[in-house]
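*Asks:* 3D model of this:
(chains A and B)
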Amino acid sequence: MSKPKVAFYWCASCGGCEEAVVDLAEVVLDVVEAVDIAFWPVALDFKVSDVEALADGELAAAFINGAIRTSEQQEMVELLRRKAGAVVAFGACAWLGGIPGLANLSSRESILEFVYRGSPSVQNGDGGVPQELIDVPEGRMTLPHFDETVRTLDQVIDVDYYLPGCPPPCGLIAGAVMALVEGRLPEKGSVLAPDVALCAECSRAATKPEDLKLKSFKRPYEVIADPELCLLAQGLVCLGPATRSGCGAVCIAANMPCTGCMGPTSRVIDYGAKALSAIASLVESEDEDEIAVLAGQIADPVGTFYRYSLPASLLHRRVEPARVSEGTAS
Amino acid sequence: MSEDASKPFEPKIVAFFCNWCTYTAADLAGISRMQYAPNVRAIRLMCSGRVDPQFVLAALSEGADGVLIGGCHPGDCHYQEGNHNARRRFELLRLMLRDMGIEDERLRLEWISASEGDKVQKVCNEMTEQIRALGPLRLATVPRWSADGDHDRAAELVKQVTS
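*Replies:* Next up is the predicted model:
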């Protein structure tokens, strides 16, 4: 009997998710033993035409990492959706938008303007920006369309399962692959990780005060954190109380607060709002001015609370100021 | 989104009022036949401390142009601490919304006791006029993919904003 076929693909991502697959180390041998990898652009020399040649549904699973921003990414994930029995959104970017999703704080125009003209490190003779279609002496050249908005994978195609993390922890990856191969399929839409907050598995949980209150918030560079005590209790914005567990609290082991890459638990709709709520409630003050001062100590609230989830949030992206020509005030 | 261009803009404001003070004050305003802007849709919660920031974002994403939170004056909370917690979340949420391009006037927190029907009237009228001047809140709509054709709508909307 032939082995089930799987595909790995990357969209708007950094390559860390691919690295996580490689980091499976010897476990990767079990995975390779169990499946045939039919497509993996970063590691194996298959072509898109090889995927197109597959029958619909022939892939047991497609593991897709990265958010969706270009027409090429959209075409590829739509193709993989047709060919795959199950699509797994692999990592924080595919599930929630991830770090590339923070581009939703800027307009398409301002991004192109900065990257190709404004950035002090850019030298770009005539200030040209990439064109989707350009005629040169050698012929006509095309580039994919660059969307206004970064989208999550499930805003573009139907997604069966989600693997959280930036990148997903090796144990969860191996568990997910083997579960799919052995047909132990969880309910569609499941996030393949424990459904409790990180504090539940944190080695410092015992040092978290029952009624934690804070008089100031600090950023990691401002303090030398005690390596044993709850980081939140030391005034660092640790998002453990609002974040799904399953990562083994590796950042905390390195004395860095949780930044929320494992995303929300199943009871939460909007991760950033819930994380904000958890942190704001810790403020130890009843004085309105003092509360405002403490809130102001949290640098970049959107980047702090939506670091991995802006495109999946209820607001999706920054609101563009109303265009003057549409003037609504009369 | 698909508002009739011929009609003047009428702001929609979702108000979360606490059961013990502000909602009672809104009742009082009604009983006293005080007139105020009909743009405010009041939702009664037991306490302003129950206002999860997710509620505020959900209201905005479902079409509200502003959100008003009303609770008991400091020291008067039926549950001791609830209104202080509302304040703590409100201050941080306001900073976050500012970075998301949403004007401060669209989110407002007011302490209104059960006897201050006139304050309900004043705050609702004031907020309605401020938001009328700002115009409608224009959020991007990016629905989740679904088999019943929402997908085409999403693609259509993305095309609209990208063209």
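
*Asks:* can you classify the spatially most central residue of chain B by secondary structure?
*Replies:* Within chain B, one residue has its C-alpha closest to the average C-alpha position: by C-alpha atoms, centre = their mean, that is B:Val67, at 1.3 Å. When states are read from DSSP: H, G, I helix; E, B strand; the rest coil, the local structure at B:Val67 comes out as strand.

*Asks:* hang on, it packs against B:Val14?
*Replies:* Yes - under the contact definition of C-beta atoms under 8 Å, B:Val67 touches B:Val14, with a separation of 5.3 Å. C-beta: built from backbone N, CA, C; applies to glycine.

*Asks:* can you tell me the helix or strand for the residue in the stretch 1-150 of chain A that chain B sits nearest to?
*Replies:* For the stretch 1-150 of chain A, the residue positioned closest to chain B under C-beta to the nearest C-beta is A:Glu148, at a distance of 4.4 Å. Taking DSSP states H and E as the definition, A:Glu148 sits inside strand A:146-151.

*Asks:* so what touches stretch A:106-113?
*Replies:* If you take C-beta atoms under 8 Å, 6 or more residues apart in numbering or on different chains as the criterion, stretch A:106-113 is touched by A:103, A:114, A:129-130, A:146-148, A:318, A:320, B:162.

*Asks:* most widely separated two among the residues you listed?
*Replies:* In terms of C-beta to C-beta, those reach their longest pairwise distance at A:Pro130 and A:Arg318, which sit 22.9 Å apart.

*Asks:* neighbour-wise, which of these two wins?
*Replies:* Taking A:Pro130 and A:Arg318 together and counting by other C-beta atoms under 10 Å in any protein chain shown, A:Arg318 has the greater number of neighbours (20 against 11).

*Asks:* so the more buried one versus B:Asn19, what's the distance?
*Replies:* Between A:Arg318 and B:Asn19 the computed distance is 35 Å (C-beta to C-beta, to the nearest Å).

*Asks:* and the contacts of stretch A:56-66?
*Replies:* Contact partners of stretch A:56-66, identified using C-beta under 8 Å, 6+ apart, comprise A:4-13, A:17-18, A:35, A:38-39, A:73, A:77, A:80-91, A:93-94, A:98, A:100, A:153, A:163, A:167, A:177, A:180-181.

*Asks:* what's the distance between it and the middle of its chain?
*Replies:* Shown here is stretch A:56-66, whose average C-alpha point lies 18 Å from the average C-alpha point of the whole chain (C-alpha atoms, centre = their mean, to the nearest Å).

*Asks:* what residues are up against residue 88?
*Replies:* Using chain A. Contacts for A:Val88 were tallied using C-beta under 8 Å, 6+ apart; they are A:61-64, A:159-163, A:176, A:180, A:192.

*Asks:* actually it's chain B I care about, not the one you picked
*Replies:* Applying C-beta under 8 Å, 6+ apart to B:Arg88 gives the contacts A:280-281, A:283, A:285, A:291, A:295.

*Asks:* do the same with A:Pro41
*Replies:* With contacts defined as C-beta under 8 Å, 6+ apart, A:Pro41 is in contact with A:8-10.

*Asks:* for it, helix, strand, or coil?
*Replies:* With three-state DSSP as the criterion, A:Pro41 was assigned coil.

*Asks:* A:Ala60 versus the residue nearest to the centre of chain B, what's the distance?
*Replies:* With the distance defined as C-beta to C-beta, B:Val67 ends up 46 Å from A:Ala60.

*Asks:* now swap in A:Val31 and tell me
*Replies:* In this structure, A:Val31 and A:Ala60 are 12 Å apart, going by C-beta to C-beta.

*Asks:* kindly report the same for A:Ala38.
*Replies:* In this structure, A:Ala38 lies at 9 Å from A:Ala60, with C-beta to C-beta as the measure.

*Asks:* quick check: neighbours shared by those two?
*Replies:* The contact lists of A:Ala38 and A:Ala60 share A:5-6, where a contact means C-beta under 8 Å, 6+ apart.

*Asks:* show the pLDDT at the closest residue in space to A:Val77 that isn't next to it in sequence.
*Replies:* In space, and not counting its chain neighbours, A:Val77 is closest to A:Ile157: 5.2 Å by C-beta to C-beta, 6 or more residues apart in numbering or on different chains. A:Ile157 carries a pLDDT score of 96 in this model.

*Asks:* am I right that A:Ile157 is in contact with A:Met76?
*Replies:* No - at 10.2 Å, A:Ile157 and A:Met76 do not qualify as touching, with contact defined as C-beta under 8 Å.

*Asks:* close to chain B: what parts of the stretch 51-200 of chain A are there?
*Replies:* By the criterion of C-beta under 8 Å from any C-beta of the partner chain, the positions of the stretch 51-200 of chain A lying close to chain B are A:105, A:108, A:145, A:147-149, A:151, A:154-159.

*Asks:* go again using 6 Å as the cut-off
*Replies:* Residues of the stretch 51-200 of chain A lying near chain B by C-beta under 6 Å from any C-beta of the partner chain: A:147-148, A:151, A:154-155, A:157-158.

*Asks:* among these, which two are most distant?
*Replies:* Comparing every pair within those by C-beta to C-beta identifies A:Glu148 and A:Asp158 as the most remote, at 22.7 Å.

*Asks:* need the contact list for A:Cys258.
*Replies:* Neighbouring residues of A:Cys258 by C-beta atoms under 6 Å, 6 or more residues apart in numbering or on different chains: A:198, A:238-240, A:243, A:251.

*Asks:* same check, this time on B:Val51
*Replies:* Contact analysis of B:Val51 by C-beta under 6 Å, 6+ apart lists B:16, B:69, B:86.

*Asks:* again, 8 Å this time
*Replies:* If a contact means C-beta under 8 Å, 6+ apart, then B:Val51 has B:16, B:45, B:69, B:86, B:89 as its contacts.

*Asks:* between these, which is nearest chain A?
*Replies:* So of the contacts of B:Val51, ranked by how close each gets to chain A (C-beta to the nearest C-beta), first place is B:Arg89, at 4.5 Å.

*Asks:* what sits against the closest residue to that closest one other than its chain neighbours?
*Replies:* In this structure, B:Arg89 finds its nearest non-sequential neighbour in A:Ala280, 4.5 Å apart by C-beta to C-beta, 6+ apart. For A:Ala280, the set of contacting residues under the criterion of C-beta under 8 Å, 6+ apart consists of A:295, B:88-89, B:91-93.

*Asks:* could you do A:Phe90 as well?
*Replies:* A:Phe90 makes contacts with A:8, A:17, A:63-65, A:163, A:168, A:173, as judged by C-beta under 8 Å, 6+ apart.

*Asks:* narrow those residues to those in strands?
*Replies:* Restricting the contacts of A:Phe90 to those inside strands, with DSSP state E as the criterion, leaves A:8, A:63-65, A:163.

*Asks:* how far away is A:Cys199 from chain B?
*Replies:* Taking C-beta to the nearest C-beta, to the nearest Å as the measure, A:Cys199 and chain B are separated by 19 Å.

*Asks:* and that residue, how many neighbours does it have?
*Replies:* Other residues near A:Cys199 number 20, with proximity taken as other C-beta under 10 Å.

*Asks:* domain parsing for chain A?
*Replies:* In terms of domains, chain A is parsed into A:5-99+A:148-181, A:198-305 (source: automatic domain parsing).

*Asks:* ends of the first one, how far apart?
*Replies:* I take that to be domain A:5-99+A:148-181. End-to-end span of domain A:5-99+A:148-181 (C-alpha to C-alpha, to the nearest Å): 9 Å.

*Asks:* distance from it to the middle of the chain?
*Replies:* Between the mean C-alpha point of domain A:5-99+A:148-181 and the mean C-alpha point of its chain there is a distance of 13 Å (C-alpha atoms, centre = their mean).

*Asks:* got phi/psi on B:Thr141?
*Replies:* With angles defined as degrees, to the nearest 10, B:Thr141 sits at phi -110, psi 120.
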